[in-house]
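A.B. asks: Predicted model, plus sequence, below.
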Amino acid sequence: MQSQDKFIIFVSDVITPYLRGLRFRKSYLTWNRDKAGFTQVVNLQISRFVNPETIRFTINLGVFYPPVFEAVWGKRVPRFPKEHECCLRVRVGSVIQGDYSDQATDKWFEIDPSADLTEQFKEPMYILSTKAVPFLDNFTELTTIAEFLSKQRDAFSAQPLHSLNLAVILHELGQSEASLTILRNAYEGYAPWRTRCLSVARFLKLDMGLGQPRDS
């Protein structure tokens with residue numbers, strides 16, 4: 001049996017029934033579950049460096065929160081959020097290692113045509129059930145998400161989106177001054193994101209005390 005056929009079986013006959021039993025719904029290689037006002041997201045990402053004989057994939061996890069998406073992107077909330085639209089995003093390698101910095105090593109699973117079908121499915125399903133889903137279940141309150149995003153923001157200081165997501169959540173928690181400080185710092189530190197920072201501030205009705213974004 002070819003690797004592609006095995007992967008199709010894994011998706012349709014193994015992971016989908018498992019996640020459906022936990023009330024996740026599916027769209028292609030992404031699954032959603034609504035919980036406590038958030039949407040938990042599980043996604044399978046196939047490696048772009050494809051070996052014709054082998055399929056490599058990893059598991060991406062996310063937590064989607066509608067007010068953050070609306071404030072940051074100024075768009076209507078999607079019916080079926082994708083992992084890249086989440087305010088909290090991690091790869092399963094980080095969850096396994098307990099390391100949510102940019103030093104974490106990605107975990108890739110391989111499906112080989114010559115290996116036993118059942119044996120190849122054991123590891124990803126074990127990690128999904130004992131690591132990935134329990135990780136998502138940790139985030140059912142804004143305060144917990146804010147704490148996690150604060151750590152991610154420190155670890156990924158070069159990614160201003162972490163700052164914008166955190167600013168919106170802090171505002172939701174009633175911490176307007178902290179939210180405003182983060183937005184101002186992002187505005188000053190990331191020139192290409194200045195227009196976006198101002199847009200978020202307007203959405204949250206915060207006065208940044210700044211004019212129109214300057215040319216970089």
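C.D. replies: Right, received. Where do you want to start? What you see is a predicted model; the values in this text were computed from it and never measured.
A.B. asks: care to break this structure down by domain?
C.D. replies: Listed domain ranges for the chain are 3-65+77-137, 142-204 (source: automatic domain parsing).
A.B. asks: For the protein, just list every one of the strands.
C.D. replies: Counting by DSSP state E, the chain has strands at residues 25-27, 30-35, 38-46, 55-64, 88-91, 109-111.
A.B. asks: For the chain, just list every one of the helices.
C.D. replies: In the chain, the helices defined using DSSP state H lie at 3-9, 16-21, 66-73, 92-97, 117-127, 133-137, 142-155, 160-172, 176-189, 194-204.
A.B. asks: Once you drop chain neighbours, what's closest to Arg76?
C.D. replies: Once flanking residues are discounted, Arg76 sits nearest to Glu70: 7.7 Å by C-beta to C-beta, 6 or more residues apart in numbering. Where C-beta positions appear, they are placed from N, C-alpha and C, glycine not excepted.
A.B. asks: What of Asn60?
C.D. replies: Per C-beta to C-beta, 6+ apart, closest to Asn60 is Asn43, 4.2 Å.
A.B. asks: The one you found and Gly62 touch, don't they?
C.D. replies: Yes. Counting by C-beta atoms under 8 Å, Asn43 does reach Gly62; the two are 7.3 Å apart.
A.B. asks: looking at the strands of the chain, which has the lowest confidence?
C.D. replies: Of all the strands of the chain, the minimum mean pLDDT falls on strand 109-111 (a mean of 90).
A.B. asks: Show me which positions of that one end up buried.
C.D. replies: Phe109, Ile111 (16 or more other C-beta atoms under 10 Å).
A.B. asks: residues touching the residue nearest to Leu164 when sequence neighbours are not counted, list them.
C.D. replies: The shortest distance from Leu164 to any non-neighbouring residue, by C-beta to C-beta, 6+ apart, is to Val72 (5.1 Å). Applying C-beta atoms under 8 Å, 6 or more residues apart in numbering to Val72 gives the contacts Cys87, Leu161, Leu164, Asn165, Val168, Arg196, Val200.
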